[in-house]
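Student: need a structure here:
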Amino acid sequence: MMNLAERFERSKPFIGVIFMQVGLAGMDVLSKAALNQGTSNYVLVVYRHAVATIGIGPFAVILDRKVRPKMTVSTFIKILLLGLLEPVIDQNLYFLGMKNTTATFAAAVINILPAITFVLACIVGLEKVNIRSIHSQAKVAGTIATVAGAMIMTLIRGPLIDLFWTRGKQYAGSHSGETNLHNSIKGTLMITTGSFSWASFMILQAVTLKTYPCELSLTAWICLFGTIEGSIVALIMERGNANVWSLHWDMKLLAAVYSGVICSGLAYYIQGVIMKDRGPVFVTAFSPLAMVIVAVMSSVILNEQMYLGRVLGAVVIVAGLYLVVWGKSKDYKCQSHTTDKQIIPVKQTIDAGSSGQVKVDVEVKQTIEI
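Tutor: Residues are numbered from 1 along each chain as shown. A predicted model of the protein is given here:
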């Protein structure tokens, strides 16, 4: 029987990813509110990572000073690419997709992230699939269900679900309470492209940690280069409009500070720590939790309308993703079982004949399960 300390140790990866998803849910709602007030998504991304760099940089300098490996050209190039993939490409496309839809819709479509991560991880060899194994079949089926659920949410609206807290209230969006099919498709394409970039970021982060195994320092570098590269993009896209850079005590500042500290600084660090043990697919498999939290918060705070088609699509997504989680848990148990076995040499003496004249020491390797 496991004691309390062992149970806590085993539950730390789950606590970490749940914390991440709660943080991402809060970011979705705050960012949507800021975007509705006219905040530039390009500038929001820059401020977000500037805050993250200022917040986590000093800790990385102090805590990793004795363990930080030497920066090589290969590692530097990987960090530059990491700063571009998620902080710049993914987040800008995600916010643009959210502008065309709703916070709940964006949080639901992003659930294709585990499926994309799973496919990419298989391609680069970070994930193993044995089609004869039931848990590998569960991972494949869950991946297909995730994509199917996202398509249901995109293409099927269904009747309105009348919730008492949204009854008779106007949705706090940029245009109207409804998202038409054109905007849904456009938003879905943007978020899907961003998800591919985010999945690539996850894979590259896992690869980079093998040669640069300092999660805190790597997070600080990613946020720093994300700020620099994001600033270049923002200056190009918002040229001639200096007002978008102004800061006041408003929703833009709150969204930048919150998302910078929680969703860039802490989230990058936590996912790096967890990926070392469980891999990138495990980290991304809990995204349905953020969708559920966003749906509730957006409905209550932003008065977003809920439709039956989106609820059904969400159910399919959740079912598919937890098939992936179940398959991953079986993989981890098998991996742990193999790791817990050690080959220990045992010497045995063989007596040849009754005369006792010939004795041979034979080293026998036995597998002892610890």
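
Student: who's in contact with Gly97?
Tutor: Gly97 makes contact with Ala106, Val109, Lys186, Gly187, Thr188, Leu189, Met190, Ile191, Gly194 under the criterion Cβ atoms under 8 Å, 6 or more residues apart in numbering. For the C-beta atoms, the positions are set from N, CA and C on the backbone; glycine is no exception.

Student: so where do the strands sit in this protein?
Tutor: Counting by DSSP state E, the chain has strands at residues 160-161, 306-307, 341-352, 358-369.

Student: make TSV from the contacts of Gly97 and add neighbour count and distance to Ile62 to it.
Tutor: Compiled in TSV, those are given as follows (neighbours: other Cβ atoms under 10 Å; distance: Cβ to Cβ, whole Å):
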residue	neighbour count	distance to Ile62
Ala106	27	37
Val109	30	39
Lys186	16	45
Gly187	24	42
Thr188	23	43
Leu189	15	43
Met190	22	39
Ile191	31	37
Gly194	25	34
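
Student: distance check, the closest residue to Asn41 other than its chain neighbours against Ala103.
Tutor: By the measure of Cβ to Cβ, 6 or more residues apart in numbering, the closest residue to Asn41 outside its immediate chain neighbours is Phe95, 3.6 Å from it. Per Cβ to Cβ, to the nearest Å, Phe95 is found 11 Å from Ala103.

Student: count of neighbours near Asn3?
Tutor: 8 (other Cβ atoms under 10 Å).

Student: nope, Val316 is what I was after
Tutor: 19.

Student: could I get the contacting residues of it?
Tutor: Ala145, Ala148, Gly149, Ile152.

Student: most neighbours among those residues, which one?
Tutor: Gly149 (27 neighbours).

Student: list the contacts of it.
Tutor: Per Cβ under 8 Å, 6+ apart, neighbours of Gly149: Asn111, Gly313, Ala314, Val315, Val316, Ile317, Val318, Ala319, Gly320.

Student: would TSV of those with distance to Val283 be doable?
Tutor: Converted to TSV, the contacts of Gly149 look like this (distance: Cβ to Cβ, whole Å):
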residue	distance to Val283
Asn111	14
Gly313	23
Ala314	20
Val315	23
Val316	22
Ile317	17
Val318	17
Ala319	20
Gly320	17
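
Student: report the lowest-confidence entry in these.
Tutor: Among the contacts of Gly149, Asn111 has the lowest pLDDT, at 73.

Student: burial of that residue, as a residue count?
Tutor: Neighbours around Asn111, by other Cβ under 10 Å: 28.

Student: one more: Gly313?
Tutor: The burial count for Gly313: 25, using other Cβ under 10 Å.

Student: check contacts around it.
Tutor: Gly313 is in contact with Ala108, Gly149, Ala150, Met151, Ile152, Met153, Thr154, Ile156, counting by Cβ under 8 Å, 6+ apart.

Student: who wins on neighbours among those residues?
Tutor: Once you tally neighbours by other Cβ under 10 Å, Ala108 ends up highest among those, having 31 neighbours.

Student: ok, and what's touching stretch 270-288?
Tutor: 13, 16-21, 24, 110-111, 113-114, 117-118, 121, 126-127, 139, 199, 202-203, 205-206, 209, 213, 215, 218-219, 314, 317-318, 321-322, 324-325, 328, 332.

Student: show me which residues of that stretch are buried.
Tutor: Neighbour counts over stretch 270-288 (16 or more other Cβ atoms under 10 Å) mark 270-275, 278-288 as buried.

Student: can you tell me how far Asn92 is from Gly226?
Tutor: Taken as Cβ to Cβ, the span from Asn92 to Gly226 is 11 Å.

Student: need the overlap of contacts for those two.
Tutor: With Cβ under 8 Å, 6+ apart as the test, Asn92 and Gly226 both reach Val45.

Student: ok, those two, which is more surrounded?
Tutor: Gly226 (28 against 22).

Student: neighbour-wise, which of Phe95 and Ala103 wins?
Tutor: Shown here are Phe95 and Ala103; by other Cβ under 10 Å, Ala103 has more neighbours (28 against 24).

Student: what about stretch 272-287, how long is it end to end?
Tutor: Chord length of stretch 272-287, first to last residue, is 16 Å (Cα to Cα, to the nearest Å).

Student: repeat for stretch 267-287
Tutor: Start-to-end, stretch 267-287 (Cα to Cα) is 13 Å.

Student: show me the contacts for the closest residue to Leu323 other than its chain neighbours.
Tutor: Nearest residue to Leu323, sequence neighbours excluded (Cβ to Cβ, 6+ apart): Gly142, at 3.1 Å. By Cβ under 8 Å, 6+ apart, the contact set of Gly142 is Ala115, Ala319, Gly320, Leu321, Tyr322, Leu323, Val324, Val325, Trp326, Gly327.

Student: just put those in a markdown table and tack on neighbour count and distance to Arg239.
Tutor: Formatted as a markdown table, those follow (neighbours: other Cβ under 10 Å; distance: Cβ to Cβ, whole Å):
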| residue | neighbour count | distance to Arg239 |
| --- | --- | --- |
| Ala115 | 29 | 37 |
| Ala319 | 15 | 46 |
| Gly320 | 26 | 43 |
| Leu321 | 27 | 41 |
| Tyr322 | 16 | 46 |
| Leu323 | 22 | 47 |
| Val324 | 26 | 43 |
| Val325 | 20 | 45 |
| Trp326 | 16 | 50 |
| Gly327 | 25 | 48 |
